[in-house]
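**Q** 3D model of this:
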Amino acid sequence: MEFRLLGSVAVVTENGDFAPGPVKRCSLLAMLLLRPNTAVSVDQLTAALWEDEPPTHFKTVLQGHVSRLRALLADHGAREYGVELTTQGTAYELQMPESLVDAHRFEELVALSRVQRRPADTVRMLREALACWQGPALTGTVRSGPLEAAAGGLEDLRLASVEALAEAYGQLGEHGRAAAVLRTEAVAHPLRESLAAALMLALGRSGRQSDAINWYHRTRRLLADELGVDPGDALTEAYAVLLRAADPAPLPARTAAEPATGPAAGPAAGSATGTAAGAATGAAAGAAGGSPAGPAAGAAAGTAEAAGSTAGPAAGAVEDATPSAAGPVDGHTPGPGTAAAAATPTPAADAAPQPAFPPGPPSGPLPGPASAPPYVPQSGPQPVPQSVPAAGHLVPPHADPPVPQLLPRPPRGFTGRDPELAALGRAVTATDAPVCLITGAAGVGKTAFALHWAHQHGAAFPDGRLFADLRGFSDTPAPDAGTVLREFLLALGVAPQRVPETTAARGALFRTLTDGRRLLVVLDNARSSEQVRPLLPGGDHCVTLVTSRDRLGGLIASDAARPLPLAHLPAADAEALLASVLGEDRIAAEPEAAARLAGLCDGLPLALRVTAARLAQRPQWTLGAMAHELADEHGRLALLDVEDTGVSAALHLTVQQLPEPAARMFRAIGLHTGSDLDRFAASALAGTTPAQAGADLDRLAAAHLLTESVPGRWTPHDLVRLYARHLAPQADPEGLRRLLDHYLFTGLAADAAAEPGSQPCYALPADARRPAATREFDDRAAALAWYAAERPALEGAVAAAAALGLHDRAWRLALVQWPLMLWRITDGWTPLLEAGLASAEHEGDLDAQSRTRALLGWILHEEGRDPEALVHLEAAPELAARAGDAISEAIACVNLAAVLDSTGDSVRAGELMTRAVALADSTGHPATQVLALQHLAQYCLRTGAHEAALAHTLRATELVSPHAVVGRAQLRILRGEALAGLGRTAEAADEFRQATAASEAAGFTQGSERAARLLSLLAAKR
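**A** Numbering: from 1, shown residues only. The predicted structure is shown next:
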């Protein structure tokens, strides 16, 4: 999270920029950001938010804006960045790291640019500073006195920085570029004499003397016409230099006490706290609200006075924070290496106190090759350059720079990853200054991978290799960017007393020192993109490797990081890793057990190493014995932990760093009954909306706790699933019950889509709770796809419901899958239906028992187990009759009749078919009538009653739903058979052709094949 003042006031996050709200709320945020970590009184805020007289209830309005701003910051995780809006009596204070404000970073960089020894470094600092600007400062705020003064102060400092940038270009001899930089601003600010004078000199030095003189006369006329004044000293002196037609020498730098000419003067006094613009705000708001002005000079004056050289922000904004480097401080003489001890002090340093920022790189060539060739990876391990000890305080002007080697030792027993290593080699050569993002689950070996590659290619980085453990996923506090940058700067040879105080200044110096070097930077265990960005080196020849458990999408979007995800090891590599610890002989002695161990460890390197360590400590154990122990899911995680290292410990740190909604979702997933889930099931588990659940699942996937195996379905790896189950007792205990009800409601929706017009296979329990949203199914195919995807979860839900004593849910969840059962009749459904029947009997629900037995009997018949099938089918009609459900009784009669007919009892089968039609007709339920008529037609065909069969199919066609594509195709096949039996072959062929087309369109393979076969037989008989 960052905050923008240099442009439209906005909060900048990984997900994009957003304004805090209406103009007054923007103004409130701007006032607080201009004076961070300082209490801003209600009077000061009122003066800023209302140009005229405030309304009667202005305090209530202001409190409302504060409340909404607090909520907005909380919604975007401001506390994670150390940002909090607090109340201090009758004032408000925005507590925060000042480096999050672009105006603060801008001023830091400008101040740092003032003390650079080399013009090239000054240019680099000022360009980075000016890049902070996205438009006029404080855009979108109220045009009140305090805010106008603040914006003016920032704008003055920007213009002074432009002038300083042009002067630095001039010192490099790039006068044309200096003129181009100045011309745009001089056109926009035609009365600013310092701009006009600098532009005239730049034009003259670039050989455009006539243009320079014309610009003088243009400015002189404007001053006379607009202000009625003559040109000031700076403009007059520049004109005189041009007229002398000599090579213009640099003008002497203006001191801090010399005011700028032109109408750029601002408020007379300001606060000494906050940004330079905050000083102006303090003065203007103080006058309105009674707050005393600070002791420093006003921001507008301070910034305008800085316009002659490389001067930075207003003196008050800097000198109160840092000691003077121009002379003794508190009676002490500056030591060697300070700005005061420099051999040739700059004119500005002689004229006025300067802040004690460190100088930039020494004069002379930048350490490292001036034009380093692009990195080309070498195969195999490479020799590593030896470090050169640092001498002096920075890097001596003509000494070899130190070559830091901060990498930990190379990992031992590194195995596999050849494709990923090759991919990393390609990634680092694909672009300048590559940032390669190595991501993966906890324990997948990201650090080992990065270090292995870094040690293999040491010779490619003659200027050194830096390493920092960012501890993003650790039980110890993560180092802040400033601490890491300090270590990097020290390793690069910067003397401790020359390391800048602020993070922004350290980052700028780090980028300066690394520009032009061939350097490798390894940032290990990063938690967020914000943690990484300040640590990225400068120049085009540095390579940065970042490892993280998170995808760090922000780093990919903003810094063009190239993602390189590491998956779990394939079986062969996993077994090779075991062999690297246990020895080849031990693996070769039990190859099947070794393969099983690799599978039980889920190919996770950390789990494999822990397992290998346990076996190495127990030489008497066989691999098979260890595999037997790991096969018990209840004890597997315990076996995969050794002391404070292991799978559980690694996953604990990952989950610990999640935002609370995502962590809550992870715990809830431990309650899930299947192997994967969609956002609807997740929303039921966590008690949230599908949209929020989808966002939480994405967050878990970004942390490599889940994988989106197919679009819209998320799967945890086996060990992650076990850990989630370990945390399940901490989840909402109602989550599982919500999941069961979600499946009940969604199952009915899928039932209706798969078999349009059919009677629902159950009525919902009275206490069933409707989920927040239910998936909708466009057609039969979508419904069947859902059944197939959810089958493991639905089977698990039946067992979970029975275990909870929710038998009314259990039998329904078994029965609801009947459309898929009929589609995949031999897929082993018997255990599921037997479990459903046990719950129906436990409930004493006769209709549930009838329905379940009728379906179970049919499944057993299809499996060739007719004696067992008839036990259930014989009982089903009587149970339905006792329950008083004619539809269930008709279905039970149909199933019993079909099985009896196949076993040779055709007489009783015919009686049951006829009774089924009568029962269906008595209900007036079309789908049940169609089912009974269809089976009666089949019976008639087998007995040679073709006229009766044709009549039954015609009647069924009148009743069948137009959406029941499969049912209509089946009736066409039966009608074709009846017509063929009556000798009406042309009509029969037409029915078979239409049935084939309809079945193929519906994906009803069994129907299309049957119709095509009958058509072929009919043609052969002609």
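**Q** per-residue confidence for the closest residue to Glu51 other than its chain neighbours?
**A** Of all residues not flanking Glu51 in the chain, Ser144 sits nearest, at 5.0 Å (C-beta to C-beta, 6 or more residues apart in numbering). Heads up, the C-betas are built off the backbone N, CA and C, glycines and all. Turning to Ser144, the model gives it a pLDDT of 90.
**Q** what residues are up against Ser144?
**A** Ser27, Ala47, Ala48, Leu49, Trp50, Glu51 (C-beta atoms under 8 Å, 6 or more residues apart in numbering).
**Q** what about it, distance to Ala650?
**A** According to C-beta to C-beta, to the nearest Å, Ser144 and Ala650 sit 54 Å apart.
**Q** cool, Pro496 as well?
**A** 36 Å.
**Q** for Arg158, which non-adjacent residue is spatially closest?
**A** If the residues on either side of it in the chain are set aside, Arg158 comes closest to Trp133, at 6.3 Å by C-beta to C-beta, 6+ apart.
**Q** please read the previous query as pertaining to Gly21.
**A** Spatial nearest neighbour of Gly21, chain neighbours left out: Arg68 (6.3 Å); criterion: C-beta to C-beta, 6+ apart.
**Q** in what helix or strand does that neighbour lie?
**A** helix 58-75 (DSSP states H and E).
**Q** thinking again about what came up before, so which of the contacts of Ser144 sits lowest on pLDDT?
**A** Out of the contacts of Ser144, that is Glu51, at 76.
**Q** report the contact partners of that residue.
**A** With C-beta under 8 Å, 6+ apart, Glu51 has these contacts: Val142, Arg143, Ser144.
**Q** shouldn't it be within a strand?
**A** No. Applying DSSP: H, G, I helix; E, B strand; the rest coil, one finds Glu51 to be coil, outside a strand.
**Q** mind checking how far it is from Arg143?
**A** Taking C-beta to C-beta, one finds Glu51 at 6 Å from Arg143.
**Q** please, where are all the helices along the stretch 651-800 of the chain?
**A** 660-669, 679-686, 690-702, 718-727, 735-754, 780-803 (DSSP state H, counting those that start in this stretch).
**Q** wait, which of those is closest to Glu185?
**A** Glu185 lies closest, by C-beta to C-beta, to one member of these: helix 690-702, at 43.4 Å.
**Q** from the chain's centroid, how far away is that closest one?
**A** Its chain's C-alpha centre and that of helix 690-702 lie 10 Å apart, by C-alpha atoms, centre = their mean, to the nearest Å.
**Q** ok, residues contacting it?
**A** Taking C-beta under 8 Å, 6+ apart as the rule, helix 690-702 contacts 550-551, 553, 658-659, 661-662, 664-666, 669, 679-680, 682-683, 686, 688, 706-708, 714, 772-773.
**Q** what about 7 Å?
**A** The list of residues contacting helix 690-702 from outside it, by C-beta atoms under 7 Å, 6 or more residues apart in numbering, reads 550-551, 553, 658-659, 661-662, 665-666, 679-680, 682-683, 686, 706-708, 714, 772-773.
**Q** can you list the buried residues in it?
**A** Pro690, Gln692, Ala693, Gly694, Ala695, Asp696, Leu697, Asp698, Arg699, Leu700, Ala701, Ala702 (16 or more other C-beta atoms under 10 Å).
**Q** what residue spans form the domains of the protein?
**A** In the domain annotation for the chain, the residue ranges read 2-98, 418-565, 571-635, 658-733, 734-832, 845-923, 929-1022 (automatic domain parsing).
**Q** reformat the ones you listed as a markdown table; add distance to Leu165.
**A** Below are these laid out as a markdown table (distance: least, C-beta to C-beta, whole Å):
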| stretch | distance to Leu165 |
| --- | --- |
| domain 2-98 | 16 |
| domain 418-565 | 15 |
| domain 571-635 | 51 |
| domain 658-733 | 40 |
| domain 734-832 | 56 |
| domain 845-923 | 81 |
| domain 929-1022 | 68 |
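**Q** spit out the contact partners of the closest residue to Ala892 other than its chain neighbours.
**A** Closest residue in space to Ala892, ignoring its immediate chain neighbours: Ala876 at 3.6 Å, by C-beta to C-beta, 6+ apart. Contacts for Ala876 were tallied using C-beta under 7 Å, 6+ apart; they are Ser850, Arg853, Ala854, Gly857, Ala892, Leu896.
**Q** what helix or strand is the third one on?
**A** What it means is Ala854. helix 846-862.
**Q** quick one: mean pLDDT for that helix?
**A** 94.
**Q** just the strands from the stretch 151-300 of the chain, written as ranges.
**A** For the stretch 151-300 of the chain, applying DSSP state E, counting those that start in this stretch gives no strands.
**Q** what stretches of it score poorly on pLDDT?
**A** For the stretch 151-300 of the chain, the stretches flagged by pLDDT under 70 are 245-300.
**Q** can you rerun that using 90?
**A** For the stretch 151-300 of the chain, the stretches flagged by pLDDT under 90 are 176-177, 180-181, 183-191, 206-215, 218, 221-230, 234, 239-300.
**Q** of the contacts of Ala876 - the most surrounded one?
**A** Ala892 (31 neighbours; other C-beta atoms under 10 Å).
**Q** how far away is that residue from Met821?
**A** Counting by C-beta to C-beta, the separation of Ala892 from Met821 is 16 Å.
**Q** and for Val647?
**A** Using C-beta to C-beta, Val647 is found at 38 Å from Met821.
**Q** so for the two, which residue has more residues nearby?
**A** Val647 (26 against 21).
**Q** now, of the helices of the stretch 651-800 of the chain, which is deepest in the fold?
**A** helix 679-686 (a mean of 27; mean count of other C-beta atoms under 10 Å).
**Q** which neighbouring elements make contact with it?
**A** helix 660-669, helix 690-702, helix 735-754 (3 or more C-beta pairs under 7 Å, 6 or more residues apart in numbering; DSSP states H and E).
**Q** all set now, cheers.
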